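Participant: Here's my sequence, what's the structure:
(chains A and B)
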Amino acid sequence: MPLPTSPSIKHDRFRAAVLEIDRVSKRFGATQALADVSLRVDAGEVVALMGANGAGKSTLVKIIAGVQAPDSGGVRLDGRPSPSSSPRAALSRGIVTVHQATELLGVPEMTVAENLLLGWLCRGALPLVPGRRRLLAAARDVAALIGLDLPLHALFADLSPAQRQLLAVARALADDARVIILDEPTASVSAREAEQLFEVIARLKARGVGVLYISHRLGDLRRIADRAVVLRNGRVVGDYASPLDLDAAVRAMIGHAPAAPALSERHADARRVLEIRQLTLRAGAQPISLDLCAGEVVAITGPLGAGKSRLLRTLFGAEPLRGGSFALDGRAWQPRSVAAAIASGVFMAGEDRWRSSFLPADTLGARIADVIALPHLRRLFPRGSYSRSGIDAIAAAEIERLGIRCQGPDATPDQLSGGNQQKVVLARWQSQPCRVLLLDEPFQGVDVGARADLIAAIRSRRDTATLVAVSDREEALEVADRLFVMREHRLTELRVRREGESVLAALHALESSEDFV
Amino acid sequence: MNTSLTLSPIPRWRATAQALRRYALFFLLALMLMVFGVAEPAFLRLNNLLSILQSTAVDALLGLAVTIALIGGGFDLSIGAVAALSLMISSYAMVVLGLGAAASVALALLAGALVGAFNGLLVFRLRIPDMLATLGTLFLLGGLQLLPSAGRSITPGLILPDGSSANGSFAPAFLAIGRSEWQGVPLPVLIVGLLAWLAWFVTERTRWGRVLCATGGNEAAARLAGAPTVRYRLIAYIASGLLAALGGVIIAARVGRGDVSGGNGLLLDSVAAALIGFAVLEARRPNVVGTVVGAVFVGVLLNGLTMLNVSFYSQDLIKGLVLVVALGLTFGPGRAHRL
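Facilitator: Below you'll find the model as predicted:
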């Protein structure tokens, strides 16, 4: 789908740079996080900031937002130098960051209306005793800035991640934002919601707001970015103007051409590992039947809330079976608990690794070795006596096998980049013999390079059947032998990528096909 | 473009259940008044109801102190100790130092504000987690209040550690704070009622209240929206200390002596009031109205049980039951679905 070019871009008034980053450098200890980075965002322009994990994107964003001060160089907003190292000052000058972590975007127990006005409230732009009717009217005006009906009386906690981001964008506009930094805004958002976000971004452009857009999703960038700036090892290694050559940008980003994941040959007579028969995920939903074979990777895509996670959790014994039956290796099987599923070799890595897999950094059990061993302690130590060197050896082998960049089994996940964190999660479930591996959003916050490593590791298992729930179609096409879309708890099979076909071409074919609405 | 983003509708039975849950504490309160009134007609007499409020006033006041700290996102465990300290300071100021009523009250309130600021220092400068910091303050104050009188209660004629005896006495104006009435309503009830209204207005109806609530609800989000969150939380701790100190003054004025054990039980009762308040109107968060209702609820319950000759030692058990039921209503299954 081509992007409707905003007429305002051609207007001279909007030609001015809103954000100029001038030769910014920043060093942390021995690491040169940023070296001589210069970047310019014009009014009404969407600039994609690309880079692998650890390339310096976060540091640059923090410097722009005033959270950190640069060692040298400066940030100019509308041609005037922006005071560094004060988030409040940056905010009052019109730089707003919409964080990927949506829990940073609002107060869960306050209403949407109050959250829309949070900036005004916090900076005293409203009367001391505002009155409820007046607050509501003001909130409605703010929501109207992005043309969306947000449920004003609902609690922020009840909003979807996409709604929270849209709320934050509306708030930014109400605060007269000049530059909005969007950090991975579509990471946990359905396709329809992403579409709404893109429409809102078009509005931002029309209003002359500069947008710095950070995303690992090439499809998004192709759709909305006017220009792409690529960071590698703290330096700008590429600046691509429209029409974007994303293949070149990705090469610049990871330093070499990405290996298109090869589709392996699958034998039609492969053993069936898991059979799902007439499974109902919700009362009244159409039953699902699906077979998974050894060595096969099946991906399920679809919007948030369609039931992808529920399917995986039901197989893992984390949700009650509402109807239907399973067979594992030809024998009837039903997991009564997570422990029972693990005992029969059915493993699941849940979405959001910090909530589902890791322990807080300072706690006992936060070490990589402990993270990997935790679900397998009963199998590893049936008599109850525990050997630290034993689990450290397992972790060391996994670190070696998956190429996890870390200090060793004693390191904690918070010290690692997103891609390496996700490798630890995969290591946990691949370290022991596995029949069925269930992966829920395994590529969240993972850059292209690490994603290729993860896919290679996932696809390397000849005796495991793998089921991946992933909302991003591109990621789904890359990882899967067979691809399904789930909508309202119902499965539909989609075309798969053909041998030798590039992922982007397959994506295009998929998006123009009738199945995918 | 006018795309609608709405939440899915709620089934009717669920709406009814929600309404029941919303007003559950009020239903229980009405039920209690009815049962106690039938069992013991004297219970519903105006005099008795006023005496319930009188005995509830200090718990409600300290409950407000807990609530304000909680709204700002910090637990303040030191309020009971602050009340006890202020009780001893005001008594000491009058009995030993011979100060007047106004000066003694001012001294006690100043001490409360200072302790609040000290808590803030521990939490924000030394970055001690709030529970631990205020627990430390609790012990510090518990020891500190015993020093001037060498562990004895302060009454006129008290023998001081140096052998001399104190020759001051409680000023009548001071005692009036705890003992006088206006139109039959005890002064402490009026004071606490006024302060509760003020606290409600500030926390629910002003910009400051919204920002304090945002700070307590999600400090990172509030800071990123430009709120000076540390200042707000510090002020919340100071306000909490001030309210607790006033509670101590009211106790001293009512009892007319600086009782070393006067602060016992205050912390737990006021925390209970604030927590029961979570269930009022399904707020699920610290709120002023809920805290006052919670304090009255416990007061009515205890007074009624006393009138029915339920032994005082089983009253703690019943208080605990009520707290657990209220928390069950607040956090239990079946509440409105959260993402």
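Participant: Contacts only, for residue 192.
Facilitator: The chain I'm using is chain A. residue A:303 (CB atoms under 8 Å, 6 or more residues apart in numbering or on different chains). (C-beta placed from N, C-alpha, C; glycine too.)
Participant: meant chain B, my bad for not saying
Facilitator: B:57-58, B:60-61, B:64.
Participant: Most neighbours among those residues, please name it.
Facilitator: residue B:64 (32 neighbours; other CB atoms under 10 Å in any protein chain shown).
Participant: Which secondary structure element is home to that one?
Facilitator: Following DSSP states H and E, one finds residue B:64 within helix B:46-71.
Participant: any idea of the angle the next helix or strand after that helix forms with helix B:46-71?
Facilitator: Going down the chain from helix B:46-71, the next helix or strand is helix B:79-95, by DSSP H and E. Relative orientation of helix B:79-95 versus helix B:46-71 (axes from the mean of the first three to the mean of the last three CA atoms, to 10 degrees): 120 degrees.
Participant: quick one: average pLDDT of helix B:79-95?
Facilitator: In this model, helix B:79-95 carries a mean pLDDT of 94.
Participant: Kindly format the C-alpha coordinates of the helix or strand just after it as CSV.
Facilitator: Remark: after helix B:79-95, the chain's next helix or strand is helix B:101-120, criterion DSSP H and E. Extracted C-alpha coordinates of helix B:101-120, given in CSV (Å, rounded to 0.1, in the frame of the first residue of the first chain):
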residue,chain,number,x,y,z
ALA,B,101,-1.2,25.6,74.9
ALA,B,102,-0.5,27.2,71.5
ALA,B,103,3.3,26.8,71.8
SER,B,104,3.0,23.2,72.9
VAL,B,105,0.7,22.3,70.0
ALA,B,106,3.0,24.2,67.6
LEU,B,107,6.0,22.3,68.9
ALA,B,108,4.3,18.9,68.5
LEU,B,109,3.1,19.7,65.0
LEU,B,110,6.6,20.9,64.1
ALA,B,111,8.0,17.6,65.3
GLY,B,112,5.5,15.7,63.1
ALA,B,113,6.5,17.8,60.0
LEU,B,114,10.2,17.2,60.8
VAL,B,115,9.7,13.4,61.1
GLY,B,116,7.9,13.5,57.7
ALA,B,117,10.8,15.4,56.2
PHE,B,118,13.2,12.9,57.8
ASN,B,119,11.3,10.0,56.2
GLY,B,120,11.5,11.8,52.9
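Participant: Name the surrounding residues that touch helix B:101-120.
Facilitator: B:74, B:76, B:78, B:82, B:85-87, B:89-90, B:93-94, B:99, B:130, B:133-134, B:137, B:141, B:171-174, B:177, B:233-234, B:237-246, B:248-249.
Participant: Got a ChimeraX select line for the buried ones in the residues you listed?
Facilitator: Listed next is the ChimeraX selection for buried residues among the contacts of helix B:101-120, using 16 or more other CB atoms under 10 Å in any protein chain shown:
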select /B:74,76,78,82,85,86,87,89,90,93,94,99,130,133,134,137,141,171,174,177,233,234,237,238,239,240,241,242,243,244,245,246,248,249
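Participant: Can you list the low-confidence ranges for the stretch 401-517 of chain A?
Facilitator: A:495-505, A:507-517 (pLDDT under 70).
Participant: And the helices in it?
Facilitator: Taking DSSP state H, counting those that start in this stretch, the helices of the stretch 401-517 of chain A run over residues A:418-430, A:448-459, A:473-479, A:503-512.
Participant: Does anything pack onto the longest one? Which helices or strands?
Facilitator: Packing contacts for helix A:418-430, counted by 3 or more CB pairs under 8 Å, 6 or more residues apart in numbering or on different chains; DSSP states H and E, involve strand A:346-349, helix A:353-356, helix A:368-373, helix A:388-402, strand A:436-440, helix A:448-459.
Participant: now the angle from it to helix A:448-459?
Facilitator: Using the same axes, to 10 degrees: helix A:418-430 against helix A:448-459 is 10 degrees.
Participant: Helix A:418-430 relative to strand A:436-440, how many degrees between them?
Facilitator: Going by the same axes, to 10 degrees, helix A:418-430 makes 150 degrees with strand A:436-440.
Participant: Distance from the chain centre to helix A:418-430, please.
Facilitator: Taking the mean of its C-alpha atoms, helix A:418-430 sits 15 Å from the chain's own mean (CA atoms, centre = their mean, to the nearest Å).
Participant: on that earlier part again, select, out of the helices of the stretch 401-517 of chain A, the one closest to residue B:53.
Facilitator: helix A:418-430 (56.8 Å; CB to CB).
Participant: got the contact list for whichever residue of the stretch 301-450 of chain A sits closest to chain B?
Facilitator: Residue of the stretch 301-450 of chain A nearest chain B, by CB to the nearest CB: residue A:305 (9.7 Å). Contact analysis of residue A:305 by CB under 8 Å, 6+ apart lists A:160, A:190.
Participant: which one is residue A:475 nearest to, not counting chain neighbours?
Facilitator: Residue nearest to residue A:475 in three dimensions, not counting chain neighbours: residue A:443, with 4.9 Å by CB to CB, 6 or more residues apart in numbering or on different chains.
Participant: State the helix or strand in which residue B:244 lies.
Facilitator: Counting by DSSP H and E, residue B:244 is part of helix B:229-255.
Participant: tell me the contacts of the residue in the stretch 401-517 of chain A positioned nearest to chain B?
Facilitator: Nearest to chain B, among the residues of the stretch 401-517 of chain A, is residue A:488, at 12.6 Å (CB to the nearest CB). Contact partners of residue A:488, counting by CB under 8 Å, 6+ apart, are A:285, A:306-307.
Participant: quick one, phi psi at it?
Facilitator: phi 50, psi 50 (degrees, to the nearest 10).
Participant: do you know how far it is from residue A:467?
Facilitator: 19 Å (CB to CB, to the nearest Å).
Participant: Kindly report the same for residue A:208.
Facilitator: Taken as CB to CB, the span from residue A:208 to residue A:467 is 46 Å.
Participant: higher neighbour count, these two?
Facilitator: Under the criterion of other CB under 10 Å, the comparison of residue A:208 against residue A:467 puts residue A:467 first, with 26 against 19.
Participant: so who does that one touch?
Facilitator: Contacts of residue A:467 (CB under 8 Å, 6+ apart): A:274, A:292, A:298-300, A:312, A:315, A:436-439.
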